[in-house]
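Peer 1: A structural model of the following input is requested.
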Amino acid sequence: MLFRNFLIIKSFLFFLYIIPGWKIIDLMWETPVHLQGALLKGRVQNRNDSPQQFIIVIDVKGGVKYLSLSEKELFPNGVQSSVIKVFFATNTKSDFVQGIENLGINREIVDLDRVQGHICYRIGDEERLQLWVDKDSFLPVRVKNKEMEMLFQKYTTFEAGLFPTIIEINSRTSGSRIIYVDEISFLKSTR
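Peer 2: Sure thing, here's the model as predicted:
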């Protein structure tokens with residue numbers, strides 16, 4: 001009886017500990033990962049191919065320009081490109097929140113989970129896009145739906161904030177690829 005009461009109290013406290021999805025999205029916006037005015041250089045490697053160089057410019061208005069590889073060559077699935085734009089190239093909090101909604105992430109469903117050794121908030125349901133956010137830093141760690149998965153690894157501090165230097169993409173339609181961001185330079189910082 002005592003053990004059962006302990007489990008009830010423990011599960012009740014667990015539910016009190018989870019932050020609502022809208023608040024997690026607010027805290028994500030506060031993390032310094034928005035790269036307006038940035039030039040990104042790196043390489044992308046498909047599982048069995050040699051690496052290809054890429055250059056991306058994120059302009060001060062949040063637009064993304066692909067200079068050496070096209071958007072389709074770097075991100076074959078349109079959702080992948082949209083995720084990058086929302087998380088790292090939005091200008092305003094309202095654009096960020098709208099971008100999250102446009103991706104189809106259900107902010108009403110939140111749970112705790114573990115990804116790559118991180119305790120994360122998992123936002124969304126399995127039928128649509130899900131987002132894993134590190135519980136301590138509020139940085140995106142993983143995005144997944146039935147067709148693809150993106151893992152954001154090794155965040156590094158640059159002039160205006162943080163950016164993952166490794167983005168691993170696993171897709172049912174286009175296979176696996178790893179994007180290595182070797183250099184970020186800033187043309188102008190807006191935050």
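Peer 1: Run through the residues that contact Arg50.
Peer 2: Rather than Arg, residue 50 is Ser. By CB atoms under 8 Å, 6 or more residues apart in numbering, the contact list for Ser50 is empty. Heads up, the C-betas are built off the backbone N, CA and C, glycines and all.
Peer 1: Can you check the pLDDT for it?
Peer 2: Note on Ser50: pLDDT of 79.
Peer 1: Show me what the nearest residue in space to Leu69 that is not next to it in sequence bridges to in the sheet.
Peer 2: Nearest residue to Leu69 in three dimensions, chain neighbours excluded: Phe54, at 4.5 Å (CB to CB, 6 or more residues apart in numbering). Note on Phe54: beta-bridge partners Gly42, judged by DSSP bridges.
Peer 1: what about Phe54, neighbour count?
Peer 2: 21 (other CB atoms under 10 Å).
Peer 1: what do you get for Asp136?
Peer 2: 9.
Peer 1: Which secondary structure state does it sit in?
Peer 2: coil (DSSP: H, G, I helix; E, B strand; the rest coil).
Peer 1: before we move on, back to that, next up, the contacts around the residue nearest to Leu69.
Peer 2: Leu40, Lys41, Gly42, Arg43, Val44, Tyr66, Leu67, Ser68, Leu69, Leu74, Ile179.
Peer 1: among the residues you listed, which are in strands?
Peer 2: Leu40, Lys41, Gly42, Arg43, Val44, Tyr66, Ile179 (DSSP state E).
Peer 1: Those: which two are farthest apart?
Peer 2: Farthest-apart pair in the ones in strands among the contacts of Phe54 is Arg43 and Tyr66; separation 13.9 Å (CB to CB).
Peer 1: From what I see, Lys93 and Trp29 are in contact.
Peer 2: Yes. Counting by CB atoms under 8 Å, Lys93 touches Trp29, with 4.9 Å between them.
Peer 1: quick one, which of these two is more surrounded?
Peer 2: The residue with more neighbours, out of Lys93 and Trp29, is Trp29; 18 against 13, by other CB under 10 Å.
Peer 1: Quick one: the helices in the chain, in order.
Peer 2: 2-17, 21-30, 71-74, 78-89, 93-103 (DSSP state H).
Peer 1: wait, doesn't Asn106 sit right on Glu126?
Peer 2: No. Using CB under 8 Å as the test, Asn106 is too far from Glu126 to be in contact (10.2 Å).
Peer 1: Which one's more surrounded, the two?
Peer 2: Neighbours were tallied for Asn106 and for Glu126 using other CB under 10 Å; the higher tally belongs to Asn106 (17 against 11).
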